[in-house]
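Peer 1: Just a sequence and a predicted model for now, questions to come.
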Amino acid sequence: MEIKKTSLNKLHQDNNAKFVEFAGYEMPIQYSKGIIEEHKFTRSHSGIFDVSHMGQLFIYGDESLAEELEKIFPLDLKNLKLNCSKYSFLMNDEAGIYDDLIITKIEKGFLIILNAACKENDYKILSKLLNGKYKMILDENRSLIAIQGPKSVKILSDVINGVEDLSFMSGNWFLFEGQKIYITRSGYTGEDGFEISLTNSQAEKFTKGLIEKGAKLIGLGARDTLRLEAGLCLYGHELDKGKTPVEANLKWAISKDRVSKGNFIGSNIITEQLNNGVSKIRVGIKPEGRVIAREKTKIFNQLDLHIGEITSGTFGPSVNGPVAMGYVENEFSKKDTKVFLEVRGKKYPANICG
């Protein structure tokens, strides 16, 4: 299968990117300074991330569209204000997660940002559920650029006037060289930032403008360490069809009003788990030493019983030490619970950190 390239591919090459294949795309994993420096620069200044491989699904329809989407997503979409965004999930009947996503209410419809590896399947699932009633466009002609970090608002507002007025998880249309671009104040690094949806033909010039103002290109490697430090889930690691939002410790993203009515896909399981608890749950884990516990590392309790597994683990440059996430049996999920991580046949102490 031919590997796809984003519209910023040449810019990545010009900036000495090291590439990897990710979800069928050639993507920059890092640049010449390396992951740790890129991570620190984003935390202290402003990093640019090419996330054009992600799906931008526009769904257009009348007032009935919000009602139909509420049968799918556990959100109060009828009362969602124009240009406001919510984090949510596409689930199966057992409340297993097909994908986690961001839904934004736009004029005459919704924009849903989907994970790159899931977008084609998500489109098929949603097309089937909506029964061809609405206009759906998985737009391959648009790029998605994220700018993240404390200096991002200043840098972006120098290029696009008015973005500083956006509040977190809200967006709007702006003009860039006479063409409309859509900007939301959001991101996946734990920092203040924005995501910009614009046409492929605009992407390189727009990104170069951000670089001229002092932002730097950052690869997927640092995007992963940033999101992990911030305790944010990655689909295919913390989330998959075998895990529910309640088990993933994401019940905050489920509308309480929707749970009480219970008329969305997977609602029976969600209600049952909210009422009776779950047997396993996602937690943050801080190893005591310097050992990095990668995905699939087994977690043990103090009696040497196998109680869970790491889903993501790395070195956290901002905390100057290892960080991890995983699932443990619920009774061991309390903050400061001592656990042990088995790395290369040896067990190392760690603590549950929320």
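Peer 2: Cool, got the structure. Numbering: from 1, shown residues only.
Peer 1: Torsion angles phi and psi at Glu212?
Peer 2: Backbone torsions of Glu212, given as degrees, to the nearest 10, read phi -60, psi -30.
Peer 1: Next: Asp257.
Peer 2: Backbone torsions of Asp257, given as degrees, to the nearest 10, read phi -60, psi -40.
Peer 1: count of neighbours near it?
Peer 2: Neighbourhood size, Asp257 [other Cβ atoms under 10 Å]: 11. All C-beta spots, glycine's among them, are computed from the backbone N, C-alpha and C.
Peer 1: Likewise for Leu101?
Peer 2: Using other Cβ under 10 Å: Leu101 sits among 23 other residues.
Peer 1: Equivalent analysis for Gly214, please.
Peer 2: Using other Cβ under 10 Å: Gly214 sits among 12 other residues.
Peer 1: again, but for Asn131
Peer 2: Counted with other Cβ under 10 Å, the neighbours of Asn131 add up to 8.
Peer 1: and Leu210, what element?
Peer 2: Per DSSP states H and E, Leu210 falls inside helix 200-212.
Peer 1: And the next helix or strand past that helix?
Peer 2: Next in sequence after helix 200-212, counting helices and strands by DSSP H and E, comes strand 216-217.
Peer 1: residues touching Leu82, list them.
Peer 2: For Leu82, the contacting residues are Lys105, Ile106, Glu107, by Cβ atoms under 8 Å, 6 or more residues apart in numbering.
Peer 1: Can you tell me which helices and strands the lowest-mean-pLDDT helix or strand in the chain packs against?
Peer 2: Ranking every helix and strand in the chain by mean pLDDT, DSSP states H and E puts helix 256-261 at the bottom, with a mean of 92. Using 3 or more Cβ pairs under 8 Å, 6 or more residues apart in numbering; DSSP states H and E, the elements in contact with helix 256-261 are helix 267-276.
Peer 1: tell me which residues in the helix it packs on are buried?
Peer 2: For helix 267-276, the neighbour count (16 or more other Cβ atoms under 10 Å) marks Ser267, Ile269, Ile270, Thr271, Gln273 as buried.
Peer 1: burial of the closest residue to Gly321 other than its chain neighbours, as a residue count?
Peer 2: Setting aside the residues directly before and after it, Gly321 is nearest to Arg290 in space (Cβ to Cβ, 6 or more residues apart in numbering), at 6.8 Å. For Arg290, the neighbour count with other Cβ under 10 Å is 10.
Peer 1: before we move on, what SS does Arg290 have?
Peer 2: At Arg290 the chain is in coil, as set by DSSP: H, G, I helix; E, B strand; the rest coil.
Peer 1: For it, give its distance to Ile29.
Peer 2: Applying Cβ to Cβ, to the nearest Å, the value for Arg290 to Ile29 is 23 Å.
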